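[1] I'll drop the sequence and a predicted model, then ask my questions.
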Amino acid sequence: MALDFVRTKPASSIVPLTRTIGFGPLPEMLVEWESERALHNAFQSEGLSLAILDDPKLYVPLPAMMAVFQRAARSVGRRDFGLRVGERMQQDGFGLWVQYSMQAPTLREGIERAGKTVRFHQSGAKFGLHREGQYAVWRYWHPCQGHGVHHTDHVIYPMLASVRYFLGADWTPAWFEVDYRRDADAHIIEQALPAPVRYGRPAMGMAIPIEYLVREGPPRNSSRRITLIDVKAEDIRENCDEPLRSILAIATLRLMDGRTDIDGAAQMAGISVRTLQRVLSRDGLNYRGLVEQVRLNRAQALLKDTDLTITQVALTLGYSEHANFTRAFSRWTGLSPLHFRRRSH
């Protein structure tokens with residue numbers, strides 16, 4: 001019997017994307033438990049620049065994030081690596097949409113809010129409630145289900161913390177669910193969690209007594225109320241539709257490392273160059289023009305918000321010479337980079 005199953009129909013995307021804030025403390029923990037080299041290797045193996053960590057609102061391909069979690073866990077040799085990453089994450093460690101969910105009047109409404117707004121954190125993801133006997137199982141699905149043990153594990157504690165916000169710090173679920181099969185070292189996870197674990201389930205989740213869904217959260221403090229408008233305003237992709245949103249996110253991501261080639265973008269999206277060109281042509285675009293727009297947005301942000309020299313900005317954006325960047329920027333805005341910076345300040 002379904003219990004007001006909370007579903008959202010995600011827009012079709014070329015590759016599922018998720019925000020860089022989802023890495024949480026993984027970078028710091030990988031350096032702490034292994035080395036700086038291990039951190040660089042984990043990100044570079046997936047074509048990701050460490051510079052993306054400076055902007056938690058950026059989107060990265062979900063398969064790439066999951067692969068980084070797996071590689072990091074292998075480097076440190078810890079079966080509980082993903083679980084410990086999630087344990088260190090704060091309740092707002094996934095962004096503004098979580099704060100919006102936590103400000104709901106009841107646990108049930110908080111879960112409903114999470115289901116409606118998770119798309120602002122991860123494309124193709126969804127939350128839902130399903131009744132099993134006297135329990136409502138709160139489940140989290142994403143498009144790459146079952147392919148990332150440590151990525152799944154890192155969601156457990158943040159979800160548990162969200163429920164405990166309404167039910168108290170000592171509350172424990174009747175059981176946990178994970179979307180992978182039990183492995184030889186799974187006992188490490190079982191010993192670390194306060195309730196039994198069920199393996200090979202359709203999603204990651206936990207069982208909550210149905211009557212607890214109406215429980216209210218603690219009294220509101222004086223902090224600002226988060227609205228759905230606030231959550232939407234935080235999404236830089238809201239001004240265009242899929243699949244253009246995904247391509248734009250990938251182009252922005254790769255530009256963080258000065259890479260502008262269409263071959264690398266198509267590979268990261270998991271499609272052919274020809275398919276990528278065809279998708280863009282439907283909107284009257286080409287990849288070169290898209291990169292130029294991304295470059296302009298990035299250039300303006302770097303000139304306004306950083307102390308990088310003009311030459312450093314040019315190199316960051318993939319230009320081999322300062323003069324080429326200056327000419328391009330003047331063509332875009334009618335101002336030289338130096339005049340734009342002075343006017344912004």
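    Here it is on my side, so go on. Residues are numbered from 1 along each chain as shown.

[2] Can you give the distance of stretch 202-220 from its chain's centre?
    Centroid separation for stretch 202-220 versus its chain: 23 Å, with CA atoms, centre = their mean, to the nearest Å.

[3] Residue ranges in the stretch 201-345 of the chain under the pLDDT threshold?
    By pLDDT under 70, the low-scoring segments of the stretch 201-345 of the chain are 221-223, 234-241.

[4] rerun at 80
    Residue ranges of the stretch 201-345 of the chain with pLDDT under 80: 220-224, 232-243, 245, 283, 345.

[5] Strands of that one, residue ranges please.
    Here the stretch 201-345 of the chain has its strands, by DSSP state E, counting those that start in this stretch, at 204-209.

[6] Could you list which residues are in contact with the nearest residue to Arg225 once chain neighbours are set aside?
    The spatial neighbour of Arg225 that comes closest, neighbours along the chain excluded (CB to CB, 6 or more residues apart in numbering), is Gln103 at 6.4 Å. For every residue, glycine as well, the C-beta is placed using N, CA and C. By CB atoms under 8 Å, 6 or more residues apart in numbering, the residues touching Gln103 are 217, 220, 225-226.

[7] how does it look with 10 Å?
    Counting by CB atoms under 10 Å, 6 or more residues apart in numbering, Gln103 makes contact with 109-110, 113, 165, 217, 220, 223-227.

[8] out of those residues, which one sits closest to Leu17?
    Nearest to Leu17 among those, counting by CB to CB, is Arg113 at 20.9 Å.

[9] hang on, the earlier thing: quick one: pLDDT of the residue nearest to Arg225?
    For Gln103, the pLDDT comes out at 91.

[10] domains in the protein, as residue ranges please.
    Residue ranges for the domains of the chain, per automatic domain parsing: 17-232, 244-344.

[11] out of those, deepest packed?
    Mean neighbour count, computed with mean count of other CB atoms under 10 Å, is highest for domain 17-232 among these, reaching a mean of 18.

[12] Now do the end-to-end distance for it.
    Using CA to CA, to the nearest Å, one end of domain 17-232 lies 16 Å from the other.

[13] now stretch 83-96
    Across stretch 83-96, the terminal residues are separated by 22 Å (CA to CA).
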